[in-house]
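[1] my questions concern the predicted model and sequence given below.
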Amino acid sequence: MNATPQTPEPTPSAYAEAGVDEEREQVAFSRVMRPWLARTKVRSKMVTSITGLASGYFATIMHLPPGPAIALTTDGVGTKIMLAEEAGRWEPIGIDCVANNVNDLICVGAVPLALLDYIATDRIDEGVLDEVARGLFLGAELAGIAIPGGEIAQIGEMLAKSETGAPTLDLVGTAIGAVPQERTPLDGSDVRPGDVVIGLPSSGLHSNGYSLARHALFKKGGLTLNTPVPGSGRRLADALLQPTRVYVNAAEALWAAGITPRGMAHISGGGLLNITRLAANVSYELDALPDAPEIFAHIASAGDVDAATMYATFNMGIGFCIVVGEADQQRALDALKGAGEDATRIGTVMDRPGRTVTIPAVGLAGKGDTFEQAS
């Protein structure tokens with residue numbers, strides 16, 4: 001009797017090999033968590049509506065008339081903390097925590113107001129906490145917000161011990177902002193074909209893709225934090241611990257110039273595919289992306305990571321995207337440059353349904369959380 005042919009197991013992606021199964025995460029949230037969370041949508045008589053589980057929103061918007069709409073977001077720093085621990089440099093992750101949150105708030109048109117931090121640690125180390133707090137302070141200065149409080153939880157039994165002898169910790173923030181009453185909250189539904197996509201440069205990896213970066217550079221590539229990054233004059237420690245940029249001033253510069261963005265996208269986890277979170281059923285052709293910083297080529301080379309995975313994981317040099325009408329392009333670029341941004345047009349909105357992203361320079365087309373070679 002012939003054996004029944006076995007269906008081969010799918011080859012795990014490079015990111016899954018590094019310990020991050022994005023596809024399973026999305027399924028778990030959509031099928032398991034979202035139905036329960038949706039049932040809590042409005043539980044207070046003060047709240048008239050909450051928007052946060054629908055596409056288009058990088059932050060949750062809560063309406064409490066007659067005041068302005070309130071925007072909420074929460075995010076952490078991820079496994080970048082492991083590099084901070086190894087390098088003994090904690091300040092950058094404080095900035096990252098603030099930036100990850102406020103950069104999501106501004107996508108909906110909100111002005112960031114405050115952040116509360118949560119630190120889970122195996123033990124108290126005043127020196128480490130001082131550096132983290134200094135980073136939070138620096139991030140708050142860049143964002144123009146207050147950090148009026150937070151929480152420190154000592155949960156040593158729940159945390160793996162550090163091999164370096166340093167404290168083990170996790171850092172998460174929850175930020176609040178307000179949408180000025182003269183603004184309509186942004187979800188990207190006004191984006192239309194022919195609009196222009198403007199990109200703002202990142203400072204490097206920001207706070208995303210570090211599981212893959214560490215796997216590629218250190219496990220597969222055999223490199224160390226002291227390894228030089230070719231073409232940059234920096235060590236890996238410096239490149240990888242560069243803090244996330246804060247884009248609050250850039251966004252406010254547009255509003256101050258009388259420009260209403262059609263949509264704004266924080267390019268974080270998921271890379272440039274994040275722009276498809278905007279609500280309009282269109283597609284994006286990013287045909288003028290600048291060259292990515294050297295650190296990204298170094299990761300790809302050391303870990304033999306293909307372009308599709310790189311662009312679906314990392315920001316590849318663009319940390320924030322703004323969609324404006326073609327007629328507003330030059331005014332928007334001028335306003336952003338006046339705010340100190342090296343802003344450039346990186347693409348165009350296309351009249352194709354499906355929320356896809358194409359990057360002609362590298363032959364990629366993507367949808368959802370995956371890029372593939374364009375046919």
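    Nice, thanks for sending it over. Numbers count the residues shown, from 1 in each chain.
[2] now do residue 165, the pLDDT please.
    Looking at residue 165, its pLDDT stands at 80.
[3] that one: what secondary structure?
    Classification of residue 165 using DSSP: H, G, I helix; E, B strand; the rest coil returns coil.
[4] list the buried residues in the top helix by length along the chain.
    When the chain is parsed with DSSP state H, its longest helix is helix 126-143. Residues of helix 126-143 classed as buried: 128-129, 131-133, 135-136, 138-140, 142-143 (neighbour count, 16 or more other Cβ atoms under 10 Å). All C-beta atoms are positioned from the backbone trio N, CA, C, and that covers glycine.
[5] pLDDT added to those, as a markdown table?
    A markdown table is the format used below for those (pLDDT from 0 to 100):
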| residue | pLDDT |
| --- | --- |
| 128 | 96 |
| 129 | 96 |
| 131 | 97 |
| 132 | 97 |
| 133 | 97 |
| 135 | 98 |
| 136 | 98 |
| 138 | 98 |
| 139 | 98 |
| 140 | 98 |
| 142 | 98 |
| 143 | 98 |
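[6] show me what the longest helix of the chain is packed up against.
    The contact analysis (3 or more Cβ pairs under 8 Å, 6 or more residues apart in numbering; DSSP states H and E) places helix 126-143 against helix 91-105, strand 111-121, strand 146-154, strand 169-179.
[7] how far does the last one sit from the chain's center?
    This points to strand 169-179. Counting by Cα atoms, centre = their mean, to the nearest Å, strand 169-179 is centred 13 Å from the centre of its parent chain.
[8] circling back: what's the most buried one of the helices and strands packed on helix 126-143?
    Each of the helices and strands packed on helix 126-143 was scored by mean neighbour count; the highest is helix 91-105, a mean of 28, by mean count of other Cβ atoms under 10 Å.
[9] between that one and helix 126-143, how many degrees?
    Angle, helix 91-105 to helix 126-143, by axes from the mean of the first three to the mean of the last three Cα atoms, to 10 degrees: 30 degrees.
[10] please enumerate the strands of the stretch 251-375 of the chain.
    Using DSSP state E, counting those that start in this stretch, the strands assigned to the stretch 251-375 of the chain run over residues 263-266, 283-285, 318-324, 344-350, 356-359, 364-367, 370-373.
[11] so which of the ones you listed is nearest residue 112?
    Distance to residue 112, taken as Cβ to Cβ, is lowest for strand 263-266 among the strands of the stretch 251-375 of the chain, at 12.4 Å.
[12] let me see the mean pLDDT of the closest one.
    Here the average pLDDT along strand 263-266 is 97.
[13] I'd like to know how far residue 65 sits from residue 45.
    12 Å (Cβ to Cβ, to the nearest Å).
[14] what bridges to residue 344?
    residue 199 (DSSP bridges).
[15] and what of residue 75?
    residue 173.
[16] tell me which residues touch it, please.
    Listed by Cβ atoms under 8 Å, 6 or more residues apart in numbering, the contact partners of residue 75 are 97, 100-101, 104, 172-173.
[17] out of the residues you listed, who's nearest residue 190?
    The nearest member of those to residue 190, counting by Cβ to Cβ, is residue 104 at 19.0 Å.
[18] tally of neighbours for the closest residue to residue 343 other than its chain neighbours?
    Spatially, and ignoring its direct neighbours in sequence, residue 343 is nearest to residue 336 (3.8 Å; Cβ to Cβ, 6 or more residues apart in numbering). For residue 336, the count of nearby residues is 24 (other Cβ atoms under 10 Å).
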